[in-house]
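In: here are the coordinates; sequence isn't available:
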Ligand SMILES: [Zn+2]
């Protein structure tokens, strides 16, 4: 089973594994989004399948555990809204 980890991201050590995409079984990837000033970075997880592109809601990285939170949302596979 392919289980990409988040522990390479931002040097953070998290043990949460990303499950395959709930829609297509593809790989979920953590992405970072910046505004025009390069500040206020938001994070989200998006399916790597270009035909799917399911995403979690955008979460801002003010919270230290936002990557962990996103992984939990992704893995829960419900209420993507
Ligand atoms: Zn997918």
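Out: Cool, got the structure. Note that the structure is predicted; figures quoted are calculated from it, not measured. Numbers count the residues shown, from 1 in each chain.

In: contacts and neighbour counts: CA atoms only from here.
Out: Fine.

In: quick one: whatever residue of the chain ends up closest to the ion from residue 37, how far?
Out: The minimum distance from the chain to the ion, using C-alpha to the ion, falls at residue 24 (4.1 Å). Between residue 24 and residue 37 the computed distance is 35 Å (C-alpha to C-alpha, to the nearest Å).

In: what does residue 56 give?
Out: Distance of residue 56 to residue 37, computed by C-alpha to C-alpha: 23 Å.

In: So between the two, which is more surrounded?
Out: A count of neighbours by other C-alpha atoms under 10 Å puts residue 56 above the other of residue 56 and residue 37, at 22 against 7.

In: show me what contacts residue 41?
Out: By C-alpha atoms under 8 Å, 6 or more residues apart in numbering, residue 41 lies in contact with 32, 33, 34, 35, 60, 61.

In: try 10 Å
Out: Residue 41 makes contact with 32, 33, 34, 35, 58, 59, 60, 61, 62 under the criterion C-alpha atoms under 10 Å, 6 or more residues apart in numbering.

In: How about residue 21?
Out: Counted by C-alpha under 10 Å, 6+ apart, residue 21 has contacts 27-29, 46-49, 52-55, 74-75, 77.
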